[in-house]
Every structure is written in C-alpha cells, then in structure tokens.
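> Okay, sequence plus prediction incoming.
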Amino acid sequence: MSGRKKTLLKVIILGDSGVGKTSLMQQFVNNKFSHQYKATIGADFLTKEISIDGNKQVTLQIWDTAGQERFQSLGVAFYRGADCCVLCYDVTNEKSLNNLTSWKDEFLVQSNVSNPQDFPFIIIGNKIDVDEAKKIPSLQKKLQNITNNQLGGLNYPVFETSAKDGINVEAAFEVIAKMALQQEELNDANGNDVSDDYNDAINIHLESESSGCAC
Amino acid sequence: MSELSPSPSRNGETSNHIKYNVSFSSTSKLAVPSIANPTLPTGEPTTAINLENAGPSESSFILEEDDHHLQVVSTSRHSVASDSSYPGSGGQDSEYEEEDGNNVNSSHIEEEALQNMLSDLIRSNRSYVNVRDNSLPLRELSFLDLNIFPNTHEAKNELEFYEKHIQIQKDNDEPAFHQKLKHFFILSTAGKPIFSMHGSDDLIMGYMGIITTIVCTFEESMKEDFKSIMVGDKTKIVVLNKSPLLLVAISQISYELMSSNTDSTSSNKEDKESDSDDILLINQLNTLYKYLLAILSKPTIEKNFHNRMNYDLRKVLTPLDFQNLEALCMKLTYGLPLLNQGESISDTESFDFFIGELMDSSIQSVKVTNTTRMKLNNILLSCKRLKLRDDDSALNRSSETASLIFNRTTKEAEKYLGDDLLFSFLLASSNKILNYMKPKNHSLSNEDMKLLFSMISAAEYQNRGGSFDEDLWIPLCLPNFNPNGFLYVFVKKISLSSYLQSSTVDQYLTIVLVSSNKNTFFQMRELSRFIINKIVKREQFLTTLTDELTGSTKLSILNDIKVPAIKHFIYKLKETNQFIMNDMVHFNNDRSMNTLLQLVYFYSILHNSRATRIKSKLKSTYNQQQGSNFVNPINTYKIDNKKLTYVKWQGAGSIVTGFMLSDNSFEFYCLSNEEIDSKELISSSLKIIRWCEKYRKRLFLGGGVVF
C-alpha cells in the first residue's frame, strides 16, 4: 500500500565555520555562487530532487547548519532522524580538516542512530579552485591519516570540490543519496516496516447469553 | 509580540530557500505552559482498556488528554441505559404535556425575568450598537461584510475570496501559500513532512525544518513543551507534540483566535488561561491525530518509528488518506466540504460536523417518533438473537451465495450470527444518528463515533454517484475505545425510497455494524440483509419511516415549531451530548457557502463567549474585532444555574441577533436576521426550548439500546 515512490532523505551538512557549506548547497541546488561571505545563523533548509540510477526519484531535504560554535546548542533537532551526513572541510584550512572527527562524533552522539558503523557519511574537501600555494601542505597524507586511522577513523568516500566552479558538487551529493538509499532499503528489507497491518484485533469478551436484555 | 521571530524571511531569489533567526530573549512572551512538563508515563500506555475488568454495571474507557495525561472516565450505566429513556409502553409522546401545565407559573416568571434581563443588557450596551444607516439599501449579508477574515487583498466577491484565502492549493506558488488563512502540518519529529493542507513538498520543506528546530529547542534547552505562539495579534501557531509526530496549526481566522473563554478577572492561573485559549486549535489537531490512529493504530506508528527516527510515514498513507485529511482540515476550520472547481455545496455533512465539533464532540440526532425508534431498536436487538440454525426464514430469504456461506458457518458450529457484533448504528444521511446499539459493558465515546461517521462519509464521498450495491468493510482503530487494535466496520447504505413505488424524494439509511472479528464480513453482511428485510418488509412502516426521516432531516422552525422570528437554532442535550438543529436553508433561504460561513462564524462567537462569567450586572467585555462594524457586547448573566449570552451584528444593511441560553441540562443557541426586540427574542427562544423538551424522546436517541 505504498502511497508514493519518491523517497525523502534528510541530509545534514556539518563542518567548521567558513569551509563553504552554504556555498556547496547553493551550488548544488541553485547552481549559484556568491563571493560574499555571510555566516549562516542557525540553519538553512533547501530541497532538491534528483534521480538515482535513472529511475529512483529522491528528494533531498538538506539541513545546512551553522559552523559557528555559538549555534551548537541547536544539536538534536538537526541531527535527529537524519538519513546521511556530509562532513566538510576547507582544503586551505588545516584546522577544519582536523576537526572532522569531532564533527562526526558530535553527530553520532546527538543523532542517536541505531547502528553508527553503517551510517552513511561522506567527506567533502571544498575550495580546490584556490592556488596550490594556499592549500594545506601534504594534504593527501594528512587526509589519509584521518580516514585510515584505526580508532574512530573516517573511512568514508572523499570528494574534492569547488562550490565556486561547480566542480564535483553534484557527484558528491549523488553518492551520498545513493548511500542513504541503500541504507533505507536495507532497513526495509530487515522487516522493520510494519507490513502486517490491521491484524491487531482486539480481544473482546462479551458475556454469552447476551440476548438477555430486557428491552 | 514575541521576541522569537520565526519569520521565514525570504532570502533572495530562490523559491525554496528559507532562512530563519532564532534569538531567544528572556523577556519573550511565548505561550509556553508553566505547568509541569507533561511527560508521558514511561512504558507503553497500551493496556488502556481492560475489558475483562470492566464491571457489569460500569463502563470504563480512557480519554487521552491533550497533555498526555491519561484520565479514566467512568460512566455509570444507568445514565446511558435504555431503560429510562424507553418505557415499554412506547408510542405516545405526550407524557410531557401535563408537566407543562404544572410548570406554567414558574415558566412565566422565568420568561419575564429573562426578558427584563435581556432588555437591561441591551440597554446597557446601547452605546456600542451602531444605529443602522437607513440610507443603505437592505441587501443580503455577505460573509465578507463581517470581517471574519482579514481581507487585505481586497477580494471583490465571496468566490474570489474563497479561491484566494480558503481553497486548498497544493502547488508551488509561494505568495498564494502565504495568503491562505489556515494551515495544518503533520510532520515527524525529525522534520520530515507527512501532510500539509496547502503548498507543495518543495514549498513546505523549509518550514518543517523551522518548526522542528523551534519545538526541539524548547524541549532541549528549556525542558518545556512548545505549545503556542501569537505572531503579532493576528496569527497564532499551535503545536501538538505526539512524538514521533508533530501536528501544527497556523490560523489567522478571527473566530479561532478569540480568547474570551475564560474569566480574566477571577482567573489567577495564567497557564490555564493560555491553554484554554488554544483549546480550539488543539482539538482540531487532536482530530487529525486521531485520524492517523484510526487508520494505522498507535502500535503501528510507534513500531515504524522505533529505532529509526528517519522513517517516512507517507509510505503507509494512501492518496485517499491525504484526501480525507484535507477534507478534515476544511470541515474543522470552515465547515466546508472539499469542492471541485465550480462545484457547489451539495449536502450539509461538513457543516454538521463543524457544529458537532464546536459543541464539544456532540453527536447529531434525528427526530423520529418514539414508536419508530423503538421498532428500529428491536430490529437491531433481534440481530443479536439471530440463531444460525433455527432461523430458517432468514435463510430462505437470503441469496444463494449467502446461504452457501451460511451453511458453511453452520458447520463451524457458531451459535449466533451476531456473536461478534459489538456496536451497531442506523444513520440518516451518514452523520445523523438514528439508532445505536451497544453491549452492556462497552461504550463508544462521542469522539470515536464522530471519527467513525467521518470515515463512513468519506467512503461514501468516494462512492458518489455509484450504485448502492457496495458493501464496505473497513478496519478501523477507534482510539478512545482502544488505541492498540482494530475493529471491523461493515457499512451498507440503502435508498429507502427505492423500495417504495410512490415515493418521489430520495431518503437514505446507512447501516453500520461494528465487529470485533476480522473474519466476520459475511456474517455482518447477512445481518445487514436481515435488517434491510425487516425494515422494508411492511410497506406501512417503511412509508412512515421514510416520511419521518424526510421531515426531520429538513427540520423547519416555521413549519414544525411555528416560531417565525428565529431563523436557525441548535439545541444540545448535555446528558448524552447530542444535539439537533434545523435545516440551514431557513437562515438565508439557501445552502450556499456564504450562508454556511456566516453560520460558522456566528455560532463560533456565540459558543466561545459562553463561559464568560460576569457577576456584576453592567460589566461587559467589549471586543472590537479589527475595527469592524462588528458589535460584540459579550455579556453573560447568571440566574440560578442559567446563563445567557446575547450578540448583535450590524452593518452593510443587515442585522443579525444571536442568543444563547443554557442551564445544567441543555444549551440553546439561535440566530435571527430580522429586527427583533428582547421580548420576542426571549419568548421565541423559550417556545423552541419547550418544544425541544416536549419532544425530547423524538429528538434524541438517548444512550442507545443495550444488549
């Protein structure tokens, strides 16, 4: 009795302030880029419909959060019921790269997902359009250290993007949607979907000889 | 004005981008409740009903209150039993006439006292009453004249206003979305949309995020439930948290924002007051929530969200469910049905529903003579006595296929055909209740009945223009009865007139059989055939029944009660929470949307000003609503346990007077749209009230028959 075929996925974008989360989202949804930097206050919400494997319609409900510390208290509301999470860093900002682990931990604590090891994450390194000179020295090595770290490693797909030039942005979101969809289908297959409807009949005992009413 | 402004200010050019600011100020005047955080009792409140434990003379059921507290309500059986309402003699309805004679003195005194009181009341408010501008030609009142809704976009006529501000619109047009006066949203606590009255998915997605964030922030940071907020003085947002679901209502409709239901001078509990201000919208949200419970049941919803807050509940909802939710939104807010382009209102089901909700989940009764009701009751009762083996006559009359099944069930050694029959109803025009049969240890609450009837009328709406051959079998969870399981409802609508050669009018009767066993479709169908057969077999009875129903569904004050001054009235019997009213056609000589919206408005105002208690004689609260020509001297006088309210609307060449009188046993509301003085208003009202009391047994079905 499926009412609609379109799947709705809640996507959370996390990362330090200024790494370009809002720009990535703007580029993905509206194909626009602004040079002006405006800090996100609280959060932004955007939606975009994409089709996966040519036939599955997916609506992405993107929750773009503020990177600034003072908005962190909004936590649970954003993270609860997320289908996937995008961790962002700035290829010119080493601190933002090092903070990825704590963003992931923060997410897992707040969202309280049932099986954290299978939860779909991807990592986006933004601003690859800038001069090589400005980029983090020996970035690949440092990135590998973070993703391959045995203890709480971020062993997730990595995308290097430019929100400014629109490089790799769509590809990254397509992958995250695919991962989330897979997870969703896995959940449904696990029999979590209550399919046996209307079987909770109420056990009602009417006294027999019920026709004894004097009317 | 609150400091928290979730004002979804438009950000630049994108059409689906919403930005919001959350800045909490300690001085914010949010209507958060100061009562202790209503937490759900841990563990599942699943064993709400213990059927075995219900005493023989008492029926217990659980009402789930708005604040999650569970309250056990016990109804003493003698108050709902049939015995007192249906004396065995039957047939005579004149028992009350002698009493009238005895009470003649007291009622005269009462009439005079009331008249004096009302004329005092009117005199004291003279300064507020605009003298009618006689230069204006008398013309038909339009709901636009009443400033019920803010007409900021200057719609020129009713239809334009309806299309702009009321009609359900699901597209991506954001300016149109913001012009709608009422919004309902259902979403998951993760912020995923489930249902929206207006707007496309794209359009509402951002708002879902904002709502989730605000509600969650209150929960997390302040350990409070977010309940409601006034934005400016014209918009109210109310949230009902039924985790994992959130239900939201946003209203800009004046009669939904009225806050006159409590006595501000004597009430020192601020939180109580704010709660009662929101009660109307909270009740609406509860109705939508109960719809979801009715089709899914509580455990299904909880199981689906268990361990996966990202669950999308829309997966288990069908297009029909969305349509039913839309219909509920329109009925709850405006008393209007879902209308296709250019379609006009064809029946009053939606208006009846609205009035029932307004009168605190009251059920509409149908006037028939006691004899007729008794006969129908006996037919229902005989269903329970119908033995499979012995009743050969039933077997002979049933069709071949039925007798096949019949024989099969006989082999299964069932004793009675109606063993699993729990409740049965006979309904006139799908929502007016004619007969009700229940077991002695169980009852249905009015809320459950309304939900059931609403489902039936939605199913009948689907079947518009179809034949009457259809048997409906609906699994339904009735949340007050038991939120955890399903009952199975057999519905059969018949056209009484089709069995009569001479009849010209269409009169329908709906048979509703509620079974506790999902495998009893054929038994219920057999019972329905038995009932139909009993009803149509004697032409004289059938003719009487048809004539009576035709008359009572079009109840007229002028013809039936002979009171010309009153154009519309509602009489509610408090004991069983049932009401009757006359056909709305008598108010403006039509059943148009214009008339309907006026009635919705006038009765909302009358009803909502009901509980105002003013002890000093001349004190009045004067609410000038948005500087309109609306004259609203809400006054309530107390004599003994009686209360009365009087409201007058004037302007644009029309005048409407509303009057309410209530005591411990009844509530009476009426409207007149001609010049009427206080003396006539009182005497006409009392005439109608006495008529209702005299024919009480014809008008109300009481507590139903018990088997």
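Thanks, I have the structure now.
> what comes into contact with the helix or strand bottoming out on mean pLDDT in chain A?
Every helix and strand in chain A was compared by mean pLDDT, DSSP states H and E; the lowest is helix A:75-79, with a mean of 75. Applying CB atoms under 8 Å, 6 or more residues apart in numbering or on different chains, the external contacts of helix A:75-79 come out as A:12, A:43, A:63, A:65, A:106-107, A:110-111, B:191, B:212-213, B:215-217, B:219-220. Where C-beta positions appear, they are placed from N, C-alpha and C, glycine not excepted.
> Which one (most neighbours) among the residues you listed?
Highest neighbour count within the contacts of helix A:75-79: B:Gly191, with 29 neighbours (other CB atoms under 10 Å in any protein chain shown).
> name the element the closest residue to that one other than its chain neighbours belongs to?
Excluding its sequence neighbours, the residue lying closest to B:Gly191 (CB to CB, 6 or more residues apart in numbering or on different chains) is B:Thr212, at 3.6 Å. For B:Thr212, the host element (DSSP states H and E) is helix B:201-217.
> Just the C-alpha atoms of that helix, please, in CSV.
Extracted C-alpha coordinates of helix B:201-217, given in CSV (Å, rounded to 0.1, in the frame of the first residue of the first chain):
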residue,chain,number,x,y,z
ASP,B,201,6.6,19.5,-0.8
ASP,B,202,9.3,21.8,-2.0
LEU,B,203,7.5,24.8,-0.6
ILE,B,204,6.9,23.4,2.9
MET,B,205,10.1,21.6,3.4
GLY,B,206,11.9,24.5,4.9
TYR,B,207,9.1,25.3,7.3
MET,B,208,9.2,21.8,8.5
GLY,B,209,12.8,22.3,9.5
ILE,B,210,12.0,25.6,11.2
ILE,B,211,9.1,24.0,13.2
THR,B,212,11.2,21.0,14.2
THR,B,213,14.0,23.3,15.4
ILE,B,214,11.8,25.6,17.4
VAL,B,215,10.0,22.7,19.1
CYS,B,216,13.2,20.8,19.7
THR,B,217,15.0,23.8,21.1
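> Counting neighbours, which bits of the biggest helix by length in chain A end up buried?
The longest helix of chain A (DSSP state H) is helix A:169-187. Residues A:169, A:172-181, A:183-184, A:187 are the ones in helix A:169-187 that count as buried (16 or more other CB atoms under 10 Å in any protein chain shown).
> Also stretch A:153-166?
The neighbour-count check on stretch A:153-166 (16+ other CB under 10 Å) flags A:154, A:156, A:158-164, A:166 as buried.
> can you tell me if that stretch touches chain B.
No: judged by CB under 8 Å from any CB of the partner chain, stretch A:153-166 makes no contact with chain B; its nearest approach is 15.2 Å.
> quick check, the following helix or strand past the least confident helix or strand of chain A touching chain B?
Once helix A:75-79 ends, the next helix or strand along the chain (criterion: DSSP H and E) is strand A:84-90. No: for a cut-off given as CB under 8 Å from any CB, strand A:84-90 has no contacts with chain B; the smallest distance is 9.3 Å.
> Setting aside sequence neighbours, what's the nearest residue to whichever residue of chain A sits closest to chain B?
For chain A, the nearest residue to chain B under the criterion CB to the nearest CB is A:Gly81, separated by 2.2 Å. Excluding the flanking residues, the one nearest A:Gly81 by CB to CB, 6+ apart is B:Ala190, at 2.2 Å.
> what's the answer for B:Asn172, then?
Spatially, and ignoring its direct neighbours in sequence, B:Asn172 is nearest to B:Ser200 (4.6 Å; CB to CB, 6+ apart).
> Tell me which stretches of chain A form helices.
A:21-30, A:75-79, A:94-98, A:100-111, A:139-148, A:169-187.
> Compare those and say which comes out lowest on pLDDT.
Mean pLDDT per stretch puts helix A:75-79 lowest among the helices of chain A, at a mean of 75.
> Hmm, B:Asn582 is touching B:Phe569, no?
Yes: with contact defined as CB atoms under 8 Å, B:Asn582 reaches B:Phe569; the gap is 6.1 Å.
> shared neighbours of those two, which are they?
The contact lists of B:Asn582 and B:Phe569 share B:Ile557, where a contact means CB under 8 Å, 6+ apart.
> Report how many residues lie close to A:Gln95.
Just so we're on the same page, residue A:95 is Lys rather than Gln. Every residue meeting other CB under 10 Å relative to A:Lys95 is counted, giving 10.
> ignore the last one, B:Asp506
11.
> how about it, what does it touch?
Going by CB under 8 Å, 6+ apart, B:Asp506 touches B:495, B:497.
> part of a strand, is it?
No: under DSSP: H, G, I helix; E, B strand; the rest coil, B:Asp506 sits outside any strand and is assigned coil.
> For the residue nearest to B:Asn172, grab phi and psi.
phi -80, psi 170 (degrees, to the nearest 10).
> I figured it was touching B:Ala176, is that so?
No: using CB under 8 Å, B:Ser200 is not in contact with B:Ala176, being 10.9 Å away.
> mind giving me the domain split of chain B?
With automatic domain parsing as the criterion, the domains of chain B are listed as B:40-140+B:564-706, B:368-552.
> quick one: B:Ile282 from chain A, how far?
Using CB to the nearest CB, to the nearest Å, we find B:Ile282 at a distance of 22 Å from chain A.
> And that residue, how far from B:Lys290?
For B:Ile282, the distance to B:Lys290 equals 12 Å [CB to CB, to the nearest Å].
> circling back to that earlier point, tell me how many other residues crowd the residue nearest to A:Gly81.
26.
> B:Asn589: neighbour count?
Count around B:Asn589 with other CB under 10 Å applied: 10.
> now the one 3 residues further on
When counting by other CB under 10 Å, one arrives at 17 neighbours for B:Ser592.
> Return the residues in contact with it.
B:Ser592 makes contacts with B:344-345, as judged by CB under 8 Å, 6+ apart.
> same check, this time on B:Phe353
B:Phe353 makes contact with B:331-332, B:335, B:431, B:450, B:454, according to CB under 8 Å, 6+ apart.
> ok, now with 10 Å
B:287, B:327-328, B:330-332, B:335, B:337, B:364, B:431, B:450, B:453-454, B:457 (CB atoms under 10 Å, 6 or more residues apart in numbering or on different chains).
> could I get those as a markdown table with pLDDT and secondary structure?
Listed next are those as a markdown table, based on pLDDT from 0 to 100; DSSP: H, G, I helix; E, B strand; the rest coil:
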| residue | pLDDT | secondary structure |
| --- | --- | --- |
| B:Thr287 | 95 | helix |
| B:Ala327 | 93 | helix |
| B:Leu328 | 94 | helix |
| B:Met330 | 95 | helix |
| B:Lys331 | 94 | helix |
| B:Leu332 | 94 | helix |
| B:Gly335 | 93 | coil |
| B:Pro337 | 91 | coil |
| B:Gln364 | 92 | strand |
| B:Asn431 | 79 | coil |
| B:Lys450 | 92 | helix |
| B:Phe453 | 92 | helix |
| B:Ser454 | 90 | helix |
| B:Ser457 | 86 | helix |
